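Engineer: Got a predicted structure here, sequence first:
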Amino acid sequence: MKTLTRLIATCLLCLPLGALATEIGPVEKEIAGLEQTFNQVYAANDLAKYFAYYADDLVAMFPDGRTDLKSYRKEWSEFINAGNRLTANTISGLIVRVSPLGDEATASYLVEVRTKLKTGKLTIEHFQETDLWLKREGTWKVAYVHYSAAPAPKKP
């Protein structure tokens, strides 16, 4: 047993150090770029562009429950059209994982959302989000979202 353990340890030491690290490939970079743009469009309150990122069969898990694209589009459009506006949507800690076939990617991150309500009140909220992107007919779409409250970052 000791010989086998030494053999494995020796083989691991012979690997280049980079071989043990997770590489950032082209799909990870593409999804990271899509997440940046997707969140910028959301922050710009551009409903048509924002909802174009979603798959028609979206499943979304929000703090108030599970919803689909039709219901989410109706609810969020009513909120924005009532005069409420996002003023910032800042993401951090983005991690992207891609399926072995390269047609599915999961992106998770933290997000700080600043909103100016129609009453004039400003809010700052913190969330953790996971988006599941599926590549269908050559196009990436968000097919699943999990969005839940997160504690505010601790100040140093």
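Structural biologist: Received, thanks.
Engineer: Every contact and neighbour count from this point should use C-alpha atoms.
Structural biologist: Will do.
Engineer: where along the protein do the strands fall?
Structural biologist: With DSSP state E, the ranges of strands along the chain come out as 54-62, 65-68, 85-98, 104-116, 122-136, 139-149.
Engineer: Let me have these in JSON lines, extended by mean neighbour count and mean pLDDT.
Structural biologist: Rendered in JSON lines, the data for the strands of the chain read as follows (neighbours: other CA atoms under 10 Å; pLDDT from 0 to 100):
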{"stretch": "strand 54-62", "mean neighbour count": "17", "mean pLDDT": "98"}
{"stretch": "strand 65-68", "mean neighbour count": "13", "mean pLDDT": "98"}
{"stretch": "strand 85-98", "mean neighbour count": "17", "mean pLDDT": "97"}
{"stretch": "strand 104-116", "mean neighbour count": "19", "mean pLDDT": "98"}
{"stretch": "strand 122-136", "mean neighbour count": "17", "mean pLDDT": "98"}
{"stretch": "strand 139-149", "mean neighbour count": "19", "mean pLDDT": "97"}
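Engineer: For those strands, could you give me TSV that also reports distance to Ile24?
Structural biologist: Conversion of the strands of the chain to TSV gives the following (distance: least, CA to CA, whole Å):
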stretch	distance to Ile24
strand 54-62	24
strand 65-68	32
strand 85-98	9
strand 104-116	13
strand 122-136	17
strand 139-149	18
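Engineer: Of all the ones you listed, which one is nearest Pro26?
Structural biologist: strand 85-98 (10.2 Å; CA to CA).
Engineer: angle of the closest one against strand 104-116?
Structural biologist: 160 degrees (axes from the mean of the first three to the mean of the last three CA atoms, to 10 degrees).
Engineer: tell me what strand 85-98 is packed against?
Structural biologist: Secondary-structure packing of strand 85-98 (3 or more CA pairs under 8 Å, 6 or more residues apart in numbering; DSSP states H and E): helix 26-43, strand 104-116.
Engineer: quick revisit: select, out of the strands of the chain, the one closest to Ala44.
Structural biologist: Closest approach to Ala44 among the strands of the chain is made by strand 85-98 (7.0 Å; CA to CA).
Engineer: gap between the closest one and the chain center?
Structural biologist: Here the centre of strand 85-98 is set off from its chain's centre by 6 Å, with CA atoms, centre = their mean, to the nearest Å.
Engineer: Good, we can wrap up now.
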